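Colleague: Let's see this in three dimensions:
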Amino acid sequence: MTFDPDAATVLDLVAAHPAVEAVFRAWDGRAGRCILCQGLFETVSGLAARFGLDREALVHDLSQAIATEQKEQP
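Modeller: Prediction:
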């Protein structure tokens, strides 16, 4: 699945793909706060800008988690 980081919110992604929760938790340290607590309604691009994160790396990690999750589904 591809997603539009300018339109998809953190909540959208977590609801559709539970595997991305681990990605956001892994990025908490870089953000300096709990992303799921303080950025749930942000788009991925907005989140990256707000917390000074590498947008392309975050999108890559999220895409990888989604792809892995989809491979594991029967």
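Colleague: buried sites along the longest helix along the chain?
Modeller: Counting residues, the longest helix in the chain under DSSP state H turns out to be helix 55-72. Going by neighbour count (16 or more other Cβ atoms under 10 Å), the buried part of helix 55-72 is L58, V59, D61, L62, S63, A65, I66. C-betas here are computed from N, CA, C, even on glycine.
Colleague: ok, for E69, nearest residue in space, not its chain neighbours?
Modeller: Using Cβ to Cβ, 6 or more residues apart in numbering and skipping residues adjacent in sequence, the residue nearest E69 is A19, 3.9 Å away.
Colleague: Let me know the pLDDT of that neighbour.
Modeller: pLDDT recorded at A19 is 95.
Colleague: Hmm, T68 and it touching each other?
Modeller: Yes. A19 is within contact range of T68, at 6.5 Å (criterion: Cβ atoms under 8 Å).
Colleague: At which residues are the strands of this structure located?
Modeller: For the chain, applying DSSP state E gives no strands.
Colleague: Just give the number of residues close to L40.
Modeller: 15 (other Cβ atoms under 10 Å).
Colleague: thinking again about what came up before, how distant is the longest helix of the chain from the center of its chain?
Modeller: Here the centre of helix 55-72 is set off from its chain's centre by 8 Å, with Cα atoms, centre = their mean, to the nearest Å.
Colleague: neighbouring contacts of it?
Modeller: 1-3, 5, 13, 17-20, 22-23, 26-27, 44-45, 47-49 (Cβ atoms under 8 Å, 6 or more residues apart in numbering).
Colleague: can you do 6 Å?
Modeller: M1, P5, H17, A19, V20, V23, A48 (Cβ atoms under 6 Å, 6 or more residues apart in numbering).
Colleague: so what's the last one closest to, chain neighbours aside?
Modeller: Sequence neighbours aside, R55 is the residue nearest to A48 in space, at 3.8 Å (criterion: Cβ to Cβ, 6+ apart).
Colleague: Give me the phi and psi for L40.
Modeller: Dihedral pair for L40: phi -60, psi -30, per degrees, to the nearest 10.
Colleague: typo on my end, F41
Modeller: phi -100, psi 10.
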